[in-house]
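Novice: Build me a structure from this.
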Amino acid sequence: MDCDLQDRPEEIPRLYAKAQEGFDIVLALRGKRRDAPLKRLTSWLFYKMFSYLADFDYDGDSGNFRIVSRKVVDNLCQMREQLRFFGALVHWMGFTTAGIPVEHSERLHGQSTYTFSKLWGLAMETIIAYSDKPLRLAVKLGFSMAFLSFIYGAYLLATTLLHGAVVPGWTSLMVSLFFIGGVIISIQGVVGIYIGKTFDETKKRPLYIVGRKTF
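Specialist: Numbers count the residues shown, from 1 in each chain. Predicted coordinates:
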């Protein structure tokens, strides 16, 4: 839980009682957050963007406040990567998870040290660390640009050869620029994916997470 006490310690017995039902992870779901409107908006945008780019449904109502079993802690300690997003790491392990609604309190003392620029930097680092989808989208965008430019260029060439139409110079120039630009974007995206695979290997995550042993 966070140290600002917006997450109420008196909710811990409820989390523990739910964990006793056999769940390895019990999330505290904040139905109504007591944060400033701007922080609520930026958090909502981040979780939506992260869920889309990381290809899994991350519940934005859950923060760091949760209870986890010893198995989760032991496996979390095996993660050697430097860029850590606690919620995403715990979700990635795949242990049985439940959530219960809790009350969220207003901040009574002090102010959050996370400015908008810090939150933006954290969001970018987290997305880069946990998703290569932006690179795959770049490859698709570049391929689409190159393909459409090639089709349009072929159409212009056919029109010129068959009907003798005069194509303005700027049109052929723009088609060429879009085609070359699309090819470059695609190549950069592919190179980025290869680098991303290397980055994933450097994390040295375990190949398997053992949920329970039968012997």
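Novice: can we go C-alpha only for contacts and neighbour counts from here?
Specialist: Will do.
Novice: Against residue 64, how distant is the residue nearest the centre of the chain?
Specialist: In the chain, the residue lying closest to the centroid (Cα atoms, centre = their mean) is residue 50, at 3.0 Å. Counting by Cα to Cα, to the nearest Å, the gap from residue 50 to residue 64 is 16 Å.
Novice: ok, back up a step: dump the residue contacts of the residue nearest to the centre of the chain.
Specialist: 58, 127 (Cα atoms under 8 Å, 6 or more residues apart in numbering).
Novice: what's the helix or strand for it?
Specialist: According to DSSP states H and E, residue 50 maps onto helix 37-54.
Novice: any idea which helix or strand comes after that helix?
Specialist: Next along from helix 37-54, by DSSP H and E: strand 62-68.
Novice: Okay, strands next: where are they in the chain?
Specialist: 25-30, 62-68, 97-102 (DSSP state E).
Novice: okay, those strands in TSV with mean neighbour count, distance to residue 137 and mean pLDDT next?
Specialist: Converted to TSV, the strands of the chain look like this (neighbours: other Cα atoms under 10 Å; distance: least, Cα to Cα, whole Å; pLDDT from 0 to 100):
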stretch	mean neighbour count	distance to residue 137	mean pLDDT
strand 25-30	24	32	88
strand 62-68	19	28	85
strand 97-102	17	31	88
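Novice: out of those, nearest to residue 195?
Specialist: Smallest distance to residue 195 across the strands of the chain (Cα to Cα): 30.3 Å, for strand 62-68.
Novice: sorry, back to before: in the helix holding residue 50, what counts as buried?
Specialist: Buried residues in helix 37-54, defined by neighbour count with 16 or more other Cα atoms under 10 Å: 39, 43, 46, 47, 48, 50, 51, 53, 54.
Novice: Now tabulate the strands of the chain in JSON lines and tack on distance to residue 128.
Specialist: Listed next are the strands of the chain as JSON lines, based on distance: least, Cα to Cα, whole Å:
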{"stretch": "strand 25-30", "distance to residue 128": "25"}
{"stretch": "strand 62-68", "distance to residue 128": "20"}
{"stretch": "strand 97-102", "distance to residue 128": "25"}
